[in-house]
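In: how does the following fold in three dimensions:
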Amino acid sequence: MALSTEALKPRLLVVTDDTCCGGTANVAYQLASSLQIAFDVRFACRRTDVNAGALAELQAAGVRFHAYDVDEAAPWRNSLQSVFSVDQALDLLEESDPDLVLTVDASELISFGALKSAAGRCGVPYVDVINILLEDSKERVGAFFELGTRHLDEATTLVFACDAHRRRFELLLPENRVPRTVISNSRPDKFFQPRNPDARRRLREEFGLKDENALVCLTTARIEPHKGQMRIVRALALLDGRGRGENIHLVFAGAGQADYVREVGNEIANLGLEARVSMLGARSDVVDLLDASDIFILPSKSEATSLSIIEAMAKGLAVVATGVDGILELIDESCAVLLPLEEDVAVSAIAEAIDALQRDTNLRFRLAEAGRRRADDFRVEPTIARYVDLLTGVLKERRRSDGLRSFARTIAPVGAALDLSKPELAWNFLQNGWSISEAEGVWTNGASSTILLRTDARKGQTLRLVFEFAPFLAPSWPSQESYVFVDEVPLAFWRLASPGRQARSLVLEAASETGTINIRFEHCRAVAPSALGLPPDPRELALFFYRIEIFDDSSSAVEEAFPESLATA
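Out: Okay, here's the model as predicted:
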């Protein structure tokens, strides 16, 4: 029987932890879609409302999707989960069965520690794409830096999107000896098509623009402090003060952390610019937004070879951007206005650039045309050809070692206690709906939290699970209420009206041949920390879990900790 062409291709698993459709996610989507010319591609990430459309497009194009709920780009990134959730990583590798893994990292050097360790355990080579590397990454990671980066020694190749970040990596980790290469980012043909006048008219109406000569200044980027949207807003206010801003409209397209998005919105309101700034959130119609705009502005403090700048140049927009890192490998003063990095002069420089391009249309058109020619160097085909050569070369040198493949998971023996203050244990059981690890345990986060207990219980064995936790009680909610489901069957309802550490137990019968128990908590009154007067953050807290004890219901003894061999596995 003849084999299909697809069956003959090596299996490539592409994974990203950018779930917000930012630049790193778009790099990953493009790689997954385009690399199908040489590989049977599978794609893994956490599915969210923001990226659902992009994932649907990938699946429609023939890419197989695997859910992998590690989201390092979230506002409350959990680096310990990334390093220690090895069982979850093994689940992904067993399900996708790749010959090669390509990780596209959103969290600089600390992404996917567990997945990369699991790949090594299974004899699967991996290539790591480091799409962004900020200057202060080591300071932000802090004491966790060494632990969070040790997995990079196991990569077959490290890929950087710009040479500036490769050099920065060598300063941060001079002992790393993994081969390194630079492959610039690129964009597909849709960004190189002629501009669409219908899209321009439609979107400018959406922005409320009545003057067809209004100057639309677009920024497509996550709304984050280092991307510089606040600088652009203040530059518009500066132009208004000079009587030069009346005909200018700002458009920000991109998701962001809710607190900072709110901060930018408050600044816009305080400056009286609500009618002149459109904050659109994440958008899938970036091509149309570019067609509707005249200038592209990105006063970022650090970038690789910025996708958004390539897109803007390809569409014929004049570009105004900070002369920093990979941006300087994309543009120079012959095709763009370069901004200073220093905060105290950047705002006035943005204002001056907008004003100059507003007054001098010849300058604007000259920069736009030069940028369009420069963008031709960043079309997708050469980039994909380089990735195909790299990945096929890796497979020739380091074939998957099936003899090393081991999918053994962490087992919680009946009679043991799971100490959730130990991240090396906790993150092999905690699944969705949990906050960052803390000294004594872990908070739930959101309305739903799940635990997957892999035990050595026999099918039909009666177990008693004892949970030690403390409820988050706010003045507006004098009690916490949670429904408890075991293997999707409702088993208990907990109403907790007193503060402090306490315990509740569940008696159940092991229903699985493998001893696996799926526990889900649905929290009726999860609330933000600010409800208790604490500093605001995006979490919604209900219960703080300290430990879980697993009893045979006929036994009264319980070990105080996991066996030493398990704790160090």
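In: counting neighbours, what do you get for T514?
Out: Neighbour count of T514, defined by other Cβ atoms under 10 Å: 13. C-betas here are computed from N, CA, C, even on glycine.
In: give me the pLDDT for it.
Out: T514 is assigned 91 on the pLDDT scale.
In: give me the phi and psi for it.
Out: Dihedral angles of T514 (phi, psi; degrees, to the nearest 10) stand at phi -90, psi 0.
In: could you shift the numbering so residue one becomes 43, and keep it that way?
Out: OK, 43 is where the count begins now, so the last one is T556.
In: ranges for the helices of the stretch 43-192 of the chain?
Out: In the stretch 43-192 of the chain, the segments counted as helices under DSSP state H, counting those that start in this stretch are 47-50, 65-76, 94-102, 121-126, 128-138, 155-163, 179-183, 187-191.
In: I'd like these laid out as CSV, including distance to L251.
Out: Written out in CSV, the entries for the helices of the stretch 43-192 of the chain read as follows (distance: least, Cβ to Cβ, whole Å):
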stretch, distance to L251
helix 47-50, 48
helix 65-76, 27
helix 94-102, 27
helix 121-126, 44
helix 128-138, 47
helix 155-163, 46
helix 179-183, 39
helix 187-191, 46
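In: mind checking which of these is nearest L331?
Out: helix 65-76 (14.3 Å; Cβ to Cβ).
In: and the closest one, how far from the chain's centre?
Out: Helix 65-76 has its average C-alpha position 13 Å from the chain's average C-alpha position, going by Cα atoms, centre = their mean, to the nearest Å.
In: what residues does it touch?
Out: For helix 65-76, contacts defined as Cβ atoms under 8 Å, 6 or more residues apart in numbering pick out 56-61, 83, 85, 87, 93, 96, 99-100, 103, 105, 115, 144, 146-148, 171, 173-174, 203, 227-230, 263-264, 346, 348-350, 422, 426, 429.
In: cutoff 6 Å now
Out: When contacts are defined by Cβ atoms under 6 Å, 6 or more residues apart in numbering, helix 65-76 is touched by residues 56, 58, 60, 83, 85, 96, 100, 103, 105, 146, 148, 173, 227, 349, 426.
In: what angle sits between that helix and helix 94-102?
Out: Per axes from the mean of the first three to the mean of the last three Cα atoms, to 10 degrees, the angle that helix 65-76 makes with helix 94-102 is 20 degrees.
In: got a winner among the contacts of helix 65-76 for most neighbours?
Out: T58 (33 neighbours).
In: partner residues bridging that one?
Out: V146 (DSSP bridges).
In: from G475, how far off is it?
Out: 21 Å (Cβ to Cβ, to the nearest Å).
In: for E591, which of the helices of the stretch 43-192 of the chain is the nearest?
Out: When the helices of the stretch 43-192 of the chain are ranked by distance to E591, counting by Cβ to Cβ, first place goes to helix 128-138 at 19.9 Å.
In: give me the angle between the closest one and helix 155-163.
Out: Between the axis of helix 128-138 and that of helix 155-163 there is an angle of 60 degrees, by the same axes, to 10 degrees.
In: ok, and what's touching helix 128-138?
Out: By Cβ under 6 Å, 6+ apart, the list of residues contacting helix 128-138 reads 55, 84, 86, 108, 110, 156-157, 160, 164, 449, 451-452, 470.
In: out of those residues, which sit inside strands?
Out: Taking DSSP state E, the ones among these that sit in strands are 55, 84, 86, 108.
In: dump those residues to JSON lines, plus pLDDT.
Out: Converted to JSON lines, these look like this (pLDDT from 0 to 100):
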{"residue": "L55", "pLDDT": "98"}
{"residue": "R84", "pLDDT": "98"}
{"residue": "A86", "pLDDT": "97"}
{"residue": "H108", "pLDDT": "97"}
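In: which residues touch V387?
Out: By Cβ under 6 Å, 6+ apart, the contact list for V387 is empty.
In: per-residue confidence for it?
Out: 95.
In: show me what contacts the nearest residue to G298 once chain neighbours are set aside?
Out: Of all residues not flanking G298 in the chain, I265 sits nearest, at 3.1 Å (Cβ to Cβ, 6 or more residues apart in numbering). For I265, the residues meeting the contact criterion (Cβ under 6 Å, 6+ apart) are 271, 296, 298, 303.
In: among those residues, which are in helices?
Out: With DSSP state H as the criterion, helices contain 271, 303 from among these.
In: lowest pLDDT pick from the contacts of I265?
Out: On pLDDT alone, G298 ranks lowest of those, at 86.
In: give the burial count for the nearest residue to D147 once chain neighbours are set aside, as a bare number.
Out: By the measure of Cβ to Cβ, 6+ apart, the closest residue to D147 outside its immediate chain neighbours is S153, 3.7 Å from it. Taking other Cβ under 10 Å as the criterion, the count of residues near S153 is 30.
In: what do you get for N312?
Out: Burial measure for N312: 10 neighbouring residues, criterion other Cβ under 10 Å.
In: how much space between it and A279?
Out: Spatial separation of N312 from A279 under the definition Cβ to Cβ is 9 Å.
In: what does K158 give?
Out: Using Cβ to Cβ, which is the criterion applied here, K158 is 46 Å from A279.
In: and L533, by the same measure?
Out: Following Cβ to Cβ, the distance that separates L533 from A279 is 57 Å.
In: looking at those two, which is more packed in?
Out: In terms of neighbours (other Cβ under 10 Å), A279 is the more surrounded of L533 and A279; the figures are 19 against 15.
In: next, give phi and psi for the closest residue to that one other than its chain neighbours.
Out: In this structure, A279 finds its nearest non-sequential neighbour in L313, 4.5 Å apart by Cβ to Cβ, 6+ apart. In terms of degrees, to the nearest 10, the main-chain angles of L313 are phi -90, psi 0.
In: then V328?
Out: When read as degrees, to the nearest 10, the backbone of V328 gives phi -60, psi -40.
In: what's the burial count for it?
Out: Neighbour count of V328, defined by other Cβ under 10 Å: 22.
In: same check, this time on F420
Out: By the other Cβ under 10 Å criterion, the neighbourhood of F420 contains 22 residues.
In: likewise A311?
Out: Using other Cβ under 10 Å as the criterion, A311 is surrounded by 11 other residues.
In: also P239?
Out: By other Cβ under 10 Å, the burial measure for P239, its neighbour count, is 10.
In: how near is it to D333?
Out: Between P239 and D333 the distance, using Cβ to Cβ, works out to 8 Å.
In: what sits closest to T425 if chain neighbours are left out?
Out: Once flanking residues are discounted, T425 sits nearest to S228: 4.0 Å by Cβ to Cβ, 6+ apart.
In: let me see the contact set for that neighbour.
Out: By Cβ under 6 Å, 6+ apart, S228 lies in contact with 420-422, 425.
In: select only the buried ones of those in ChimeraX?
Out: Buried members of those, identified by 16 or more other Cβ atoms under 10 Å, are gathered into one ChimeraX selection as follows:
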select :420,421,422,425
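In: so what's L322 up against?
Out: If a contact means Cβ under 6 Å, 6+ apart, then L322 has A295 as its contacts.
In: W485: what secondary structure?
Out: strand (DSSP: H, G, I helix; E, B strand; the rest coil).
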